[in-house]
Structure formats: C-alpha cells, structure tokens
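Student: structure for this input, please:
(2 chains)
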There are 2 protein chains.
Amino acid sequence: MGAVTSSSSSSSSPKAVHAPKQDRSRATRQRLLEAAVACLAEHGWAGSTVSVVAERAGVSRGAAQHHFPTREDLFTGAVEYVAEERSAALRALPVQGRAEVVAALVDLYTGPLFRAALQLWVAASNEEQLRPRVTELEARVGRETHRIAVELLGADESRPGARETVQGLLDMARGLGLANLLTDDTARRARVVAQWAALVEEGLG
Amino acid sequence: MGAVTSSSSSSSSPKAVHAPKQDRSRATRQRLLEAAVACLAEHGWAGSTVSVVAERAGVSRGAAQHHFPTREDLFTGAVEYVAEERSAALRALPVQGRAEVVAALVDLYTGPLFRAALQLWVAASNEEQLRPRVTELEARVGRETHRIAVELLGADESRPGARETVQGLLDMARGLGLANLLTDDTARRARVVAQWAALVEEGLG
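Tutor: Numbers count the residues shown, from 1 in each chain, chains lettered A, B, ... in the order given. Take a look at the predicted model:
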C-alpha cells in the first residue's frame, strides 16, 4: 500500500492517527488522477499504464493498485475527476456576459483534459472492454456540461431552438478542441468564437 | 510486386500490355487505400499495419510495399484519397438550399473517413514521426473543405463574420463527428443541424 500505510504516526490517539492517514490517502489518490490525465494527454492510451502513472505521481505501484484495481478504473476515474474539477471552476465563475461565457466554455475543450478525454474516446472506439465505461462517462460529463452551459448562458430551454443552440455550441467547442490538437489554433479560434457568440445570442434571444 | 506484375498478358503489342498493367496497378492501389481507411477506422493506428491492410485488400505484402514504402505513406495517402473522393462527391451535388448543404457538410464527419482521420490525428499527437505528415495533410484537407463549403453555401466572405460562420460550422461538424464515435447520435444531431442551419443563414445573410 506504499505511500498510504508505510509511514507511522507519532500520535497515540487512534482518531488522530486515522485523520492524517485519510488525508494522505486522498492526496495520493489525487496525485494519481492528475498524473493519469497528464499521461493520457501526452502519450495516449497505448502509452498509459498504471505503472507509468504511479512513477509519474511518485507513488508505489502497490499504492496505485490499492486505489485503482484496473487500468480502466484509473483512467476513466481520472477523466471524470478532472471533468468535475473543471465543472466546479466553471460554476464558480462570476456572472458574465454571454460572449465571455461562450469563450469560457470553449476553453474547456482546448486543454489537457480534452486531450486526455479524446485519447480515451478513441481508444474506447477500438477496445470493447473500455467502451461501455467511457460511453457512460461521456454521457454523464456531457449532461453536466450542458446543464452548466444552460445556466451560465441564461438559456430558456422552453424556447424553440434554445436547447439545440446550446448543444451545437458545445459540439463546436469540441470541434475546436480537435482543431487545436496538432497545431496552435488560438488566433483562428478567437475569431470563430467571437462570431459564434453573436449567433448564440440570436439563437437564445 | 505481386498483383501488379505477376500475371502476363497474351497481347503481343507492348502498348497493349502496358495499359492493362497500369489499370491493374491503379486498381491495386485503390483497393489498398480503401482497405487502409477501413482498417484505421475499425482498429485504430496501433492495430493498423501494412500487412493487415494488404491482407484485407487481397494484395501481397510486396505489392503493398511497392505502392507505399512506409506505413505513414499508406495511411496518410489513404486518408487523403478518401477525403478527395468525398470532396469530389460534394462538389458534384446538385445546387440545393443552405439547410441541405449544412446537412451534407455535417455528413462528411460521421462516416468511416472521419473515424479514420480521427485515429490518425490522435496517433500523430503522440508520435513525432507521424505528426508533420498529418499536420500538413489536415491543413490541406481543411482548406479544401472550407473552399467547397463557401462555394456550396454561396457565402460572401467579404461580408464581416461570413468566413468565421463557415469555419465554426465546420468545427461544429467535426464535434458532431466526435459525438457520434461511441454511440449513434443521429436523432440529436438532426435537431442540432436544423437549428444551426437557421443560425448559419443569419450569419451569412
């Protein structure tokens, strides 16, 4: 169990021993999840094993397997964890105009999280044992992102076309993420986002 | 060279011998390119080798290597070939309304060609020797698709925002392709496309 159980506490109270242990365990888990996303984004599914991630996180292989029994557990868990972090950060944004919200939503799809998720999607399209896990994860993350987008954009989904306007915007953001995979697409993206923010304004009324 | 040179012609004229040989060579090349795209789409880059493609195409490994000396040559050549086929088919579409054109453009990103290209993009993001080839191919195919889209949509790119409207539409199409990778997204996609066809109409004026 490596980093989780190898160090002993000097405190004599069982409760006091327990608390820092849990903290250490949580910190180890978090380091593994962050290392897993970085690893997927940089090396792809084929180059991402539990051992590689454990080494990158500075955690023993045993500790890694204690937290994540299988490779699928580790990498789907990692993409979900980082997606939740990003969602929380988005929700915490101060109230802004729609153009800023559109830009912030698009930003979700251009960093290491999107790269990692993309590697996982593409691997899942070829690997049967990964596919149901990733399909389910994607549906969950997709619904959550849609909910946040509707809220931040102040979209009234009872209005005809409003729901599809938000969905199409998130599809476009995903496509912009793809366009940024091999080259730095920042300048072009800024112009496209500015124009689409205006079209979203039309679509949401 | 297998399929290209192994059969002999009964004709005594050198010219007559030459022509069917060229035809056979072209047919072999085409079979290899089509098999390569199907293979990439189904098995991903890791599962796509020259041998696997040659077998699928019913061509000897030697013949495959005669046409495509390296694995990179075969797979980038395949994605380019199919992209050109699709472009030609798009250009040949009868003149239609913008909503139909938007739907036809989105269709480009939901079939085996998109799946194959996606596998290649993602592999190129992790493999240095593939990256420059795929980056260059993507830029070329992207420019060509943009040109066709502008033409079919009758977009006046001198009008502010028109160029970015078309670009964003193609980004959205790419994102819709990604959303269709693990599950059949047809019904949702049709609603998104209908709404965004209307917004593109606004954007193009």
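Student: helices of chain A, start to end?
Tutor: A:14-43, A:50-57, A:61-67, A:71-91, A:98-107, A:112-126, A:131-153, A:162-179, A:186-204 (DSSP state H).
Student: contact partners for the spatially most central residue of chain A?
Tutor: Compute the mean C-alpha point of chain A, and by Cα atoms, centre = their mean the closest residue is A:Ala83, 2.7 Å away. Counting by Cβ atoms under 8 Å, 6 or more residues apart in numbering or on different chains, A:Ala83 makes contact with A:Leu113, A:Ala117, A:Val141, A:Glu144, A:Thr145. From N, CA and C alone the C-beta is placed, and that goes for glycine too.
Student: one more pass at 6 Å, please.
Tutor: Counting by Cβ atoms under 6 Å, 6 or more residues apart in numbering or on different chains, A:Ala83 makes contact with A:Val141.
Student: got the residues of chain A near chain B?
Tutor: Within chain A, the positions adjacent to chain B are A:43-44, A:46, A:121-122, A:124-126, A:135, A:161, A:164-165, A:167-168, A:171-172, A:174-176, A:178, A:181-183, A:191-192, A:195-196, A:199, A:202-203 by Cβ under 6 Å from any Cβ of the partner chain.
Student: now the buried members of those residues.
Tutor: For the residues of chain A next to chain B, a burial check counting by 16 or more other Cβ atoms under 10 Å in any protein chain shown picks out A:43-44, A:121-122, A:124-126, A:135, A:161, A:164-165, A:167-168, A:171-172, A:174-176, A:178, A:181-182, A:192, A:195-196, A:199, A:203.
Student: coming back round to it: can I get the helices of chain A in a markdown table including distance to B:Gln30 and mean pLDDT?
Tutor: Output for the helices of chain A, formatted as a markdown table (distance: least, Cβ to Cβ, whole Å; pLDDT from 0 to 100):
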| stretch | distance to B:Gln30 | mean pLDDT |
| --- | --- | --- |
| helix A:14-43 | 35 | 86 |
| helix A:50-57 | 40 | 97 |
| helix A:61-67 | 48 | 96 |
| helix A:71-91 | 38 | 93 |
| helix A:98-107 | 40 | 95 |
| helix A:112-126 | 25 | 93 |
| helix A:131-153 | 32 | 95 |
| helix A:162-179 | 28 | 97 |
| helix A:186-204 | 34 | 96 |
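Student: closest to B:Arg24 out of the ones you listed?
Tutor: Nearest to B:Arg24, of all these, is helix A:112-126, at 32.7 Å by Cβ to Cβ.
Student: now the angle between helix B:14-43 and the closest one, please.
Tutor: On the basis of axes from the mean of the first three to the mean of the last three Cα atoms, to 10 degrees, helix A:112-126 is oriented at 110 degrees to helix B:14-43.
Student: return the distance of helix A:112-126 from the chain's centre.
Tutor: Distance of helix A:112-126 from the chain centroid (Cα atoms, centre = their mean, to the nearest Å) equals 11 Å.
Student: packing partners of it?
Tutor: Using 3 or more Cβ pairs under 6 Å, 6 or more residues apart in numbering or on different chains; DSSP states H and E, the elements in contact with helix A:112-126 are helix A:14-43, helix A:71-91, helix A:131-153.
Student: OK, contacts around A:His43?
Tutor: By Cβ under 6 Å, 6+ apart, A:His43 lies in contact with B:Asn126.
Student: how far away is it from A:Leu178?
Tutor: Taking Cβ to Cβ, to the nearest Å as the measure, A:His43 falls 19 Å from A:Leu178.
Student: same deal with A:Ser125?
Tutor: According to Cβ to Cβ, A:Ser125 stands 14 Å off from A:Leu178.
Student: A:Gln195 now?
Tutor: Distance of A:Gln195 to A:Leu178, given as Cβ to Cβ: 19 Å.
Student: cool, and A:Gln22?
Tutor: From A:Gln22 over to A:Leu178 the distance is 40 Å, taken as Cβ to Cβ.
Student: with A:Val79 instead?
Tutor: 16 Å.
Student: likewise for A:Leu118?
Tutor: According to Cβ to Cβ, A:Leu118 and A:Leu178 sit 7 Å apart.
Student: kindly report the same for A:Gln65.
Tutor: A:Gln65 is 33 Å from A:Leu178, by Cβ to Cβ.
Student: now A:Gly205
Tutor: Separation of A:Gly205 from A:Leu178 (Cβ to Cβ) stands at 29 Å.
Student: same deal with A:His67?
Tutor: For A:His67, the distance to A:Leu178 equals 31 Å [Cβ to Cβ].
Student: next one: stretch A:59-78 to chain centre, how far?
Tutor: With Cα atoms, centre = their mean, you get 17 Å for stretch A:59-78.
Student: go on, stretch A:118-137?
Tutor: 15 Å.
Student: give me the contact list for that stretch.
Tutor: A:40, A:44-45, A:72, A:76, A:79-80, B:43-44, B:122, B:181-183.
Student: now those residues as TSV including distance to A:Glu100?
Tutor: As requested, these are exported to TSV (distance: Cβ to Cβ, whole Å):
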residue	distance to A:Glu100
A:Leu40	29
A:Gly44	33
A:Trp45	34
A:Glu72	37
A:Thr76	31
A:Val79	26
A:Glu80	27
B:His43	42
B:Gly44	38
B:Val122	30
B:Leu181	30
B:Leu182	31
B:Thr183	32
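Student: of those, which is the nearest to B:Val102?
Tutor: For the contacts of stretch A:118-137, the nearest to B:Val102 is B:Leu181 (20.7 Å; Cβ to Cβ).
Student: list the contacts of A:Leu199.
Tutor: Neighbour list for A:Leu199: B:Leu199, B:Gly203 [criterion: Cβ under 6 Å, 6+ apart].
Student: so which of the helices and strands packed on helix A:112-126 is nearest A:Gly58?
Tutor: Per Cβ to Cβ, nearest to A:Gly58 of those: helix A:14-43, 7.0 Å.
Student: what angle do that closest one and helix A:50-57 make?
Tutor: Orientation check (the same axes, to 10 degrees): helix A:14-43 against helix A:50-57 gives 110 degrees.
Student: for helix A:14-43, buried residues please.
Tutor: Using 16+ other Cβ under 10 Å as the test for burial, helix A:14-43 gives A:24-25, A:28-29, A:31-43.
Student: then stretch A:108-121?
Tutor: Of all the residues in stretch A:108-121, those buried under the rule 16+ other Cβ under 10 Å are A:Leu108, A:Tyr109, A:Thr110, A:Leu113, A:Phe114, A:Arg115, A:Ala116, A:Ala117, A:Leu118, A:Gln119, A:Leu120, A:Trp121.
Student: perfect, I'm done here.
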